[in-house]
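Trainee: Here is my input; please provide its structure:
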Amino acid sequence: MSAQSKFTRPTAILHRTPWTPPVAKGAEGIYVDLEDGRRVLDAVGGAAVTCLGNSHPKVIQAMKDQIDNLSYVYNMQLSNRPAESLANKLISTSKGAFSTCGFVCGGTEAMESVIKLGKQVYKYYAEIGQPQRKNYIARQLSFHGNSLATLSLSYHPIRRAPYIDLLNTERFHHVSPAYAKRFQKPDETEEQYVERLRKELEDKFISLGPDTIIGFVAETVVGATTGVVPAPKGYFKAMKSVCDKYGALFILDEVMSGMGRMGTLHGWESFGDNVAPDIQAVAKGLGGGYAPIGAVLMSQKVADGIKNGSGLWKHGHTYQGHPIACSAALAVQNVIESENILENVRKQGAHLESLLQIGLKGPNALAAPYTFDIRGGGGFWGIEFDFTNASNLDFGETAFAFRVQARALELGLIIIGMTGGSNLEGTKGDHIILAPAYIITKEQIETIADILVQSIEEILKEATV
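Mentor: All right, here's what the predicted structure looks like:
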């Protein structure tokens with residue numbers, strides 16, 4: 001029987017999972033109440049989304065006030081005060097990195113918008129035009145969204161597979177991931193590894209034609225595909241140097257890792273060599289799940305490229321800059337700033353790491369032989385497992401990560417389990433992702449660690465042959 005088969009019930013929804021997920025009926029803070037009467041602790045914020053948890057009174061009040069005042073206007077006819085205020089907030093807190101922005105409804109839309117924006121920038125840049133720029137370079141084992149264009153930009157083998165015949169391979173190209181634990185050579189120093197990756201990117205520029213490259217795109221911290229993988233020190237500085245050398249855009253996807261998730265407002269401030277991008281996508285932590293929203297942040301260079309050309313963003317959606325979504329996001333960002341919540345993210349993140357190290361890699365840890373890596377920072381952590389030589393374990397038809405996710409839910413904990421992030425083909429690897437709300441307490445962190453370790457150990461014991 002499948003590890004998830006007990007979660008079955010009639011439903012008219014075509015779900016994204018091979019099992020039918022339980023129904024949530026309410027939530028408070030980091031706890032979610034299910035229809036079956038259980039209260040579970042959300043240790044991953046949905047998908048690194050609910051940064052303030054559910055039911056935050058200030059956010060709810062801001063949304064109610066906005067509904068009473070103005071629920072919707074169309075962005076090609078009218079702007080609205082929440083959108084204008086949120087834009088000002090994002091620019092004023094960027095320490096000069098960005099000068100303008102645009103709004104969308106989520107992460108995939110944000111990255112789709114980035115792709116189109118990059119082309120627009122070079123069509124009009126400096127009023128002389130560089131229309132020959134038509135190629136993007138991203139990385140293997142990356143994920144940038146679920147539309148056809150963003151899947152083409154991505155290199156998530158499992159998510160690309162059903163649509164491979166529809167993906168664009170002429171305009172979207174890939175270089176190696178910055179994944180030292182798996183791909184750094186035994187005789188390489190960190191500096192040598194970074195230099196090898198820098199040279200690979202430059203070689204790709206040259207092979208495609210340097211003046212045909214719109215930009216290089218990377219997640220500051222890789223999220224779904226490999227499970228919270230930061231790049232080695234100096235990597236982003238090196239990659240940006242190649243972009244600058246050939247006049248291409250340096251673009252960061254911080255849909256998962258941005259807006260405070262890593263313990264700093266922008267992930268690149270702490271995990272990206274403090275190198276600001278030309279364009280950046282944000283989403284999940286922007287609105288904290290209170291409303292669907294994302295944003296594209298643009299540097300002065302990009303803004304000038306647009307203003308010196310058409311003067312407008314040649315892209316848009318019906319719900320772009322939605323006043324209720326923007327009011328929710330503005331309230332979320334105001335709470336994070338005014339209550340100094342990122343300090344708690346850093347503090348509790350360090351505590352979680354120490355507990356995971358003890359529980360999964362300590363001298364008495366049952367999972368120690370199989371725990372390949374524990375990595376991350378702030379409120380974003382990944383645990384990767386390797387069963388290459390584990391001939392004494394048999395997980396049957398359901399992968400270890402999925403079994404652990406199911407068991408954790410039975411024990412009252414929501415986590416994410418994923419597979420296929422340990423090789424380029426997407427056929428190897430199990431990882432668990434944790435991304436609790438920024439308001440998490442020390443006691444709740446300890447509960448997360450306890451239940452996670454228990455879930456892992458129970459699955460390992462059951463699989464022993």
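
Trainee: going forward, measure contacts between C-alpha atoms and count neighbours the same way
Mentor: Will do.

Trainee: so how many other residues sit close to residue 463?
Mentor: Counted by other Cα atoms under 10 Å, the residues lying close to residue 463 total 14.

Trainee: so what's the backbone phi/psi at it?
Mentor: With angles defined as degrees, to the nearest 10, residue 463 sits at phi -90, psi -10.

Trainee: pLDDT score for it?
Mentor: Per-residue pLDDT puts residue 463 at 97.

Trainee: and if you look at residue 304?
Mentor: For residue 304, the pLDDT comes out at 88.

Trainee: can you check the one 4 residues further on too?
Mentor: Looking at residue 308, its pLDDT is 81.

Trainee: Next one: it relative to residue 297, how far apart?
Mentor: 18 Å (Cα to Cα, to the nearest Å).

Trainee: These two: who's more crowded?
Mentor: With neighbours defined as other Cα under 10 Å, residue 308 and residue 297 compare such that residue 297 has more, 27 against 16.

Trainee: so residue 321 touches residue 87, yeah?
Mentor: No: contact criterion Cα atoms under 8 Å: residue 321 and residue 87 do not qualify, at 9.7 Å.

Trainee: so what sits against both of the two?
Mentor: Shared between the contact lists of residue 321 and residue 87 (criterion: Cα atoms under 8 Å, 6 or more residues apart in numbering) are residues residue 102.

Trainee: Settle it for me: which of those two has more neighbours?
Mentor: Neighbours were counted for residue 321 and for residue 87 using other Cα under 10 Å; residue 321 has more, 30 against 21.

Trainee: tell me the contacts of that one?
Mentor: Contacts for residue 321 (Cα under 8 Å, 6+ apart) come out as 75, 79-80, 83, 102-104.

Trainee: ok now do residue 231, which residues does it touch?
Mentor: 178-180, 220-221, 271-272.

Trainee: Swap in 6 Å and give it another go.
Mentor: residue 178 (Cα atoms under 6 Å, 6 or more residues apart in numbering).

Trainee: Look up how far residue 238 lies from it.
Mentor: Using Cα to Cα, residue 231 is found at 11 Å from residue 238.

Trainee: ok, and the closest non-adjacent residue to residue 400?
Mentor: Among residues not flanking residue 400 along the chain, residue 430 sits closest, at 6.6 Å (Cα to Cα, 6 or more residues apart in numbering).

Trainee: beta partners for the one you found?
Mentor: residue 385, residue 419 (DSSP bridges).

Trainee: Give me the residue at the spatial middle of this structure.
Mentor: For the chain, the residue sitting closest to the mean C-alpha position, by Cα atoms, centre = their mean, is residue 256 at 2.2 Å.

Trainee: So which bits of stretch 235-250 are buried?
Mentor: Residues of stretch 235-250 classed as buried: 235-243, 246-250 (neighbour count, 16 or more other Cα atoms under 10 Å).

Trainee: For those, work out which two are farthest apart.
Mentor: By the measure Cα to Cα, 235 and 247 form the most distant pair in those, at 18.5 Å.

Trainee: what's downstream of the host helix or strand of residue 119, the next helix or strand?
Mentor: Assigned by DSSP states H and E, residue 119 falls within helix 107-124. Helices and strands here follow DSSP H and E; after helix 107-124, the next one along the chain is strand 135-139.

Trainee: In terms of secondary structure, what does that following strand contact?
Mentor: strand 172-175, strand 213-219 (3 or more Cα pairs under 6 Å, 6 or more residues apart in numbering; DSSP states H and E).

Trainee: any chance of those in TSV, with mean pLDDT and distance to residue 458 too?
Mentor: Shown next, in TSV, are the helices and strands packed on strand 135-139 (pLDDT from 0 to 100; distance: least, Cα to Cα, whole Å):
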stretch	mean pLDDT	distance to residue 458
strand 172-175	98	39
strand 213-219	97	34
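
Trainee: Adding distance to residue 153 and mean neighbour count, write these out as TSV.
Mentor: Putting those into TSV (distance: least, Cα to Cα, whole Å; neighbours: other Cα atoms under 10 Å) gives the following:
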stretch	distance to residue 153	mean neighbour count
strand 172-175	6	20
strand 213-219	8	27
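
Trainee: Select, out of those strands, the one closest to residue 440.
Mentor: Nearest of those (Cα to Cα): strand 213-219, 24.9 Å.

Trainee: any idea of the angle that closest one forms with strand 135-139?
Mentor: In terms of direction (axes from the mean of the first three to the mean of the last three Cα atoms, to 10 degrees), strand 213-219 departs from strand 135-139 by 20 degrees.

Trainee: Now tell me what touches the strand or helix carrying residue 443 from outside.
Mentor: Assessed by DSSP H and E, residue 443 sits inside helix 442-463. The contact list for helix 442-463 (Cα under 6 Å, 6+ apart) reads 393-395, 404, 407-408.

Trainee: circling back to that earlier point, burial of the residue nearest to residue 400, as a residue count?
Mentor: The burial count for residue 430: 24, using other Cα under 10 Å.

Trainee: Against residue 161, how distant is it?
Mentor: Separation of residue 430 from residue 161 (Cα to Cα) stands at 18 Å.

Trainee: Ok, residue 102 next?
Mentor: 31 Å.

Trainee: These two: which is more packed in?
Mentor: Using other Cα under 10 Å, the more surrounded residue of residue 102 and residue 161 is residue 102, with 19 against 11.
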